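Visitor: no FASTA, just this:
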Ligand code: ADP
Ligand code: NI
C-alpha cells in the first residue's frame, strides 16, 4: 500500500467509528456510496484524487441535524483527525473547505472560486439524495423525526429559509418539492447530470403512483 492508500484505510476506520450510532440515512453506508460515486465522477474530471476521497469520506461525520445544530463539529473533528496524519497543510485545508461548503442548506453562500473537488463530492452527495435511495433515505429521516408522510393540507414551501429548512417538521412528501426534485438541475458535472436524469424520472414515477394510491377512487 502506498501512503495515500494507507491514509484512506485509516480514514475509513475513523469514519466508521464516528458513524456507528448514526441515523440510517446518514450512516457509514451513505458515506460509502458517496465515496464510490465521487471516485466514479472523478474518473472524468481532472482533480486531486486524495482530496476527493478524503472529503467524501469525512463529509458527514457529524451532521448538525444530529448534534444539537452544532455546525462546526464535523469540521473540528475532521481537522483534528487530518492533522494527525502526515499530510501537507494545503491538502488538509482543501479537504476542510469542501466539508464546509458541500451542504444543500449552504448553497449560494460560497463566494470564492469553486474547486473541482468540491463540485465532485457535492454531486456525489446529491446523487445519493435522489432516486430509489433518495426515497428510502427521505422516508427514514421523516420517520426518525416522526413527520407525516403526506398531508394534502400542507403545501410545499419552495422559498423555505435555511432556518425553516433545518426545523424540518413539514411532511416527507413535501421534502421532494423543497429539495429532491431540484437537485438534478444543480449538478456540477456532466457525469452526475446523466446519472441524476434517470434517478429523477424514478422519483417522478414514485410520486405519480403515490398520489394514485392516496386518492382512492
Ligand atoms: P445537506 O446535508 O446536503 O444539507 P440535508 O442534510 O438537509 O442535506 O439532507 C440530507 C438528506 O436527509 C436528504 O436528502 C433527505 O433524504 C434527508 N432529509 C433532510 N431533511 C429532510 C426532511 N425535512 N424530510 C425528510 N428527509 C429529509
Ligand atoms: Ni451526505
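Guide: Now that the structure is in, tell me what you want to look at. Keep in mind that what you see is a predicted model, and the values were worked out from it rather than measured. Ligands and ions are numbered 1, 2, ... in the order given.
Visitor: nearest residue to the most centrally placed residue in the chain in space, please, no chain neighbours.
Guide: Centre of the chain computed as the mean C-alpha position; nearest residue by Cα atoms, centre = their mean is residue 125, 3.5 Å away. Of all residues not flanking residue 125 in the chain, residue 34 sits nearest, at 5.2 Å (Cβ to Cβ, 6 or more residues apart in numbering). The way it works is simple: take the backbone N, C-alpha and C, and place the C-beta from them, glycine included.
Visitor: give me the phi and psi for that neighbour.
Guide: The phi/psi pair for residue 34 (degrees, to the nearest 10) reads phi -60, psi -40.
Visitor: output the set of residues of this protein in proximity to ligand 2.
Guide: The chain comes close to ligand 2 at residues 60, 125, as judged by Cβ under 5 Å from the ion.
Visitor: got the buried residues for the lengthiest helix in the chain?
Guide: Counting by DSSP state H, the longest helix found in the chain is helix 190-214. Neighbour-count burial for helix 190-214 flags 191, 192, 195, 196, 199, 200, 203 (criterion: 16 or more other Cβ atoms under 10 Å).
Visitor: you'd agree the fourth one is up against residue 127?
Guide: Right, the one you point to is residue 196. Yes: taking Cβ atoms under 8 Å as the definition, residue 196 is a contact partner of residue 127 at 6.2 Å.
Visitor: shared neighbours, these two?
Guide: Contact criterion Cβ atoms under 8 Å, 6 or more residues apart in numbering; residues shared by residue 196 and residue 127: residue 187.
Visitor: and residue 5, how close does it get to ligand 2?
Guide: 23 Å (Cβ to the ion, to the nearest Å).
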